[in-house]
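Novice: Mind folding the following:
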Amino acid sequence: MKNQSKIANGGIFMIQSYTVEELPERYAEVAATVEQGNPVYLTNRGQDSLVVISRKTFAELTSDVETRLDEADYEAVNNPMRLSHREVFSSLRSKVYG
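Specialist: Sure thing, here's the model as predicted:
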């Protein structure tokens, strides 16, 4: 296990990092950490491999994405206008770069 301090959301918390091999024996500790809203980092052979977060945190991170995808699906069904990828990216580039 390796701990590091990190500043996020106006506070300091400890980043917990374990090897993948440690996960079975440390499961309860990992679960408690992620349920408190903190991520746990897993390494495999010394390389960063995975980040474990709670289902609640995952839902918070992805809820807006699902809503936006639903809106896009609705718009695609109800709007007959179709644009090529070149038209879309050209419009985006002009908005971003002027």
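Novice: per-residue pLDDT, Ser84?
Specialist: Ser84 carries a pLDDT value of 93.
Novice: let me fix that: Lys6
Specialist: At Lys6, the model reports a pLDDT of 53.
Novice: Same question for Val30.
Specialist: Reading off the model, Val30 has pLDDT 95.
Novice: Could you do the one 10 residues further on as well?
Specialist: Each residue has a pLDDT score; the one for Val40 is 95.
Novice: what do you get for Gly98?
Specialist: So Gly98 comes in at 83 (pLDDT).
Novice: for it, what are its contacts?
Specialist: Shown in contact with Gly98 (CB atoms under 8 Å, 6 or more residues apart in numbering): no residues. Glycine gets a C-beta too; all of them are placed from N, C-alpha and C.
Novice: That one and Leu92: what is the separation?
Specialist: Relative to Leu92, Gly98 is positioned 12 Å away (CB to CB, to the nearest Å).
Novice: same question, Pro24
Specialist: Separation of Pro24 from Leu92 (CB to CB): 46 Å.
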